[in-house]
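build the 3D model from these lines:
(one chain, ligands or ions: 1)
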Amino acid sequence: MATDSDPLLSFLQRVQSDALRTMGPTDFDPKLYVDLPLKTNLSIAVSAFDSLPRRSGTIPISEFNKFLKEFFDEAGSDLVYAELVDFKPEPEGFLVKVENEEMRKWALEVHAIWKNLSRRVSDKIKKRPERHTLLYLPGTVIVPGSRFREVYYWDSYWVIRGLLASKMYDTAKGIVFNLISLIETYGHVLNGARTYYTNRSQPPLLSSMVRDIYMRTGDAELLKRTLPPLLKEHSFWVSDIHQVTIQDQRGHKHCLSRYQARWYQPRPESATVDEELSLKLTPSEKDAFYHELASAAESGWDFSSRWMRNSSDLTTTATTSIIPVDLNTFIYKLELDISTFTKITGDNSTSQKFIESAKSRKVAIRSLLWNPNLGQWFDYWLDKHDAHQGVYYWNPGSQNCKIFASNFVPLWLLSQYPDSDQLIEEFDEDLTSLRKSGLIRDYGIATSLSNTGQQWDFPNGWAPLQHMIVDGLANARSKEARSLAEGIAINWIKTNFAAYKKTGSMHEKCNVETCGEFGGGGEYIPQTGFGWSNGVVLALLEEFGWPRDRDVSC
Ligand SMILES: OC[C@H]1O[C@H](O[C@H]2O[C@H](CO)[C@@H](O)[C@H](O)[C@H]2O)[C@H](O)[C@@H](O)[C@@H]1O
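This is a model prediction of the structure:
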């Protein structure tokens, strides 16, 4: 899986690195260079590149631009616009509870953005895959937007939630079929549909996409078609590299999963950044650091103090030493979903098997991640000193008691399995731990309480985190929970509305402190589009509506 074994990627990384020297760091996006489609055979482009004049190791800018124009098509040109067959400007039954005219007009504009974000892979890729880092997919997808030109795994869950509100069931199913095609080829859903993402996945939400589509359409064929790939995906997440055994204080062994990429090099899409960050490290430390960064990218939280031993030093990222609350919640749900789907399709023995798997994971989460004194779930740090013959021994001091929005992700299960055996029985109904956490701010739920400059930290709020917690609380038994959920949703919608009115765009993340301000930090400039933000706004408007007399401004 090294880039050496992928000649195109190795070459594009050389181009990327020379581009940085030529263009300089201002507004430099390394991903652009690994997304460039080749116009000619690789060997011809490589020899032309090697013959470019270099002054003190730097290619003159005019020569560089001439070379790029001659040998590459534009980044993203290998994805073409795709017509959305089920798009209607105002679908029947669209957001019936949104009565306010201004809000409704905006919701229809957000709905119309699906057309701008819809793509299919160009036929060129089928003919000459070796000229592209983009991977072939059979159908239409919705991309996040801007630099994120390809489909992403966990983003697609919230895109689908929005498409369901937009009544676009065929487009939603089409996205699922594309992700399934990745499982069929690679054994797991990739982080995104590029060759440089094959070493890792992203939070496993395929079964959630299928379940939500099934709940709206009753399409049992969809369940039949997705079950074999979902079983493969489950094996991936409980495989050797992901699964860890931990023995608790009473001697009971539990299995839980962690993020772990199969990658020990700079991420090709950010190689210049990773190399720069690792300058002070020794060669073996560098490999370990690159591995931890790619594993953090698998978590979707790239990057965050959540994975760092020292929150001001990214080189202390230690993702693979952490058992994450959210990942295990998603796998627990995957197990419940598989059990539900197999029951519907008449395979009772598989259904029973997955009920048992889910039960064991629930016991593990309650024993190791739940903290009854603090009333929330915490990630668990694995310490190699606690390990003996492949088993980690429980250490009560190893729960990471810092506050992150992920500590409350299990609440999402309230909306997904309201009547079944819940993980959240012990969560306090008066919501004290959530209210007192400091995460709920004026304009959304903060990702963490640490302002580290990383994008998955304070003061950023991300659409998926708002949605999971709000969706869970909205379906809780208590009235207080529902009203807290509605309050968070209203403020989140208002800040997205204000940012859209100010900038003309939907944003990837928002600043939860200031109305209408988009988020920042991290390794790339803030992006617009934006798949999951649009999906979450539409899903929340569908759930809570907007009365005629409610103000739209903050
Ligand atoms: O190029 C840097 C990283 O960008 C991606 O991560 C961010 O965008 C994704 C698409 O919206 C999103 O799924 C992820 O949660 C974001 O942090 C990419 O997924 C990373 O692998 C990549 O290194």
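
which strands and helices sit next to the host helix or strand of G461?
Assessed by DSSP states H and E, G461 sits inside strand 460-462. Judged by 3 or more CB pairs under 8 Å, 6 or more residues apart in numbering; DSSP states H and E, the packing partners of strand 460-462 are strand 509-511. Glycine gets a C-beta too; all of them are placed from N, C-alpha and C.

so what secondary structure elements neighbour the strand it packs on?
Secondary-structure packing of strand 509-511 (3+ CB pairs under 8 Å, 6+ apart): strand 460-462, helix 479-503.

what is the mean pLDDT for the shortest one?
Regarding strand 460-462, the rounded mean pLDDT is 98.

what does stretch 325-345 give?
In this model, stretch 325-345 has an average pLDDT of 98.

export that stretch as CSV, just CAs?
Only the C-alpha atoms of stretch 325-345 are listed here, as CSV (Å, rounded to 0.1, in the frame of the first residue of the first chain):
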residue,chain,number,x,y,z
VAL,A,325,-16.9,6.3,22.3
ASP,A,326,-18.4,7.3,19.0
LEU,A,327,-16.8,4.5,16.9
ASN,A,328,-18.1,1.9,19.4
THR,A,329,-21.5,3.5,19.4
PHE,A,330,-21.5,3.2,15.6
ILE,A,331,-20.4,-0.4,15.6
TYR,A,332,-23.0,-1.2,18.3
LYS,A,333,-25.6,0.3,16.0
LEU,A,334,-24.3,-1.5,13.0
GLU,A,335,-24.8,-4.7,14.9
LEU,A,336,-28.3,-3.8,15.8
ASP,A,337,-29.0,-2.8,12.2
ILE,A,338,-27.7,-6.1,10.8
SER,A,339,-29.8,-7.9,13.4
THR,A,340,-32.9,-5.9,12.4
PHE,A,341,-32.3,-6.3,8.6
THR,A,342,-31.7,-10.1,8.8
LYS,A,343,-34.8,-10.5,10.9
ILE,A,344,-36.8,-8.7,8.2
THR,A,345,-35.3,-10.8,5.4
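
any regions of this structure where pLDDT drops low?
Residues of the chain that meet the criterion pLDDT under 70 lie in 1-4, 419-425, 428-429.

what residues does it put near the ligand?
31, 144, 148, 152, 154-155, 191-192, 267, 269-270, 297, 300, 302, 524 (CB under 6 Å from any ligand atom).

before we move on, back to that, mind listing what the strand holding G461 pairs with, with the direction of each?
Strand pairing for strand 460-462, using DSSP bridges, gives strand 509-511 (antiparallel).

ranges for the strands of the stretch 201-350 of the chain?
243-247, 253-257, 322-323 (DSSP state E, counting those that start in this stretch).

among the residues of the chain next to the ligand, which one lies nearest to D248?
Set against D248, the nearest of these by CB to CB is G300 (28.2 Å).

dihedrals phi and psi, that closest one?
Phi and psi for G300, reported as degrees, to the nearest 10, are phi 80, psi -20.

which ones are touching it?
W154, Q202, P203, P464 (CB atoms under 8 Å, 6 or more residues apart in numbering).

so what touches stretch 344-354?
In contact with stretch 344-354 (CB under 8 Å, 6+ apart) are residues A220, L223, K224, L227, E335, L336, I338, S339, T340, T342, K343.
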